[in-house]
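In: Starting from these lines, generate the structure:
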Amino acid sequence: MGNGKALQDILSETLIYSGIELNCSDILVSNENYGNICYNNIGNQRFRTLVEFYVSKYYMALTKKEKAQHVSTIFEIIRGARSPGRFFKRSSETWLWIQINEHEAKEYIRKCLQAAVGTLGFEDKKNIRHFFDKIVTCNNEVNEV
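Out: This next block holds a predicted model:
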């Protein structure tokens, strides 16, 4: 528990030194182990909810263009929030948090969606496909009428 507190203090200090005041939509991008710091950040929690919502759509997308559209949608939702979300990562040189550009943010979103697809079990994937097949069948029947 003391270690977690020390990590939280380090995060707070580096954000202050970086001149960053986080809002509720900001996302901390990290490949490193900062304990629960990034995980518990409210912006990261909201981001995970978005990824969970879009994972089935991303999984069902047949083309790279469709997958990219889902990534862009998530990015636009975050940027269009009442408090527009930003993506920050720690600089490997200065250890300060820096805002990343749109391309890097979308690449992070894409990787998170791919990781989420990887966590889907066989039954989940089967159910998603079955659900979307039913929607397509219903849409085709409606269009034929």
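In: Okay, now the unreliable bits of this protein?
Out: 1-18, 31-36, 121-145 (pLDDT under 70).
In: swap the cut-off to 90 and go again
Out: Counting by pLDDT under 90, the chain has low-confidence residues at 1-24, 28, 30-42, 56, 59-62, 81-83, 89-98, 116-145.
In: the helices in it, which residues?
Out: Using DSSP state H, the helices of the chain run over 2-17, 37-40, 42-60, 64-79, 102-119, 122-144.
In: Show me what the shortest one is packed up against.
Out: Meaning helix 37-40. On a contact count with 3 or more C-beta pairs under 8 Å, 6 or more residues apart in numbering; DSSP states H and E, helix 37-40 meets helix 2-17, strand 27-29. All C-beta atoms are positioned from the backbone trio N, CA, C, and that covers glycine.
In: Run through the neighbouring helices and strands of the last one.
Out: The helices and strands touching strand 27-29, judged by 3+ C-beta pairs under 8 Å, 6+ apart, are helix 37-40, helix 42-60, strand 87-90, helix 102-119.
In: Most tightly packed of the ones you listed?
Out: Per-stretch averages of neighbours, counted by mean count of other C-beta atoms under 10 Å, single out strand 87-90 among these, with a mean of 21.
In: Adjacent strands (with direction) for that one?
Out: Strand 87-90 has the following strand partners under DSSP bridges: strand 27-29 (parallel), strand 97-99 (antiparallel).
In: So which of these is the most surrounded?
Out: Of those, strand 27-29 is the most buried (mean count of other C-beta under 10 Å), at a mean of 23.
In: What lies in contact with that strand?
Out: 22, 37-38, 41, 43-44, 47, 78, 85-89, 97, 100, 104-105, 108 (C-beta atoms under 8 Å, 6 or more residues apart in numbering).
In: Which residues does the closest residue to residue 41 other than its chain neighbours form beta bridges with?
Out: The shortest distance from residue 41 to any non-neighbouring residue, by C-beta to C-beta, 6 or more residues apart in numbering, is to residue 28 (5.2 Å). Note on residue 28: beta-bridge partners by DSSP bridges are residue 88.
In: mind checking how far residue 28 is from residue 97?
Out: Distance, residue 28 to residue 97, using C-beta to C-beta, to the nearest Å: 7 Å.
In: Quick check: neighbours shared by these two?
Out: What both residue 28 and residue 97 touch, as defined by C-beta under 8 Å, 6+ apart, is the set 88, 89.
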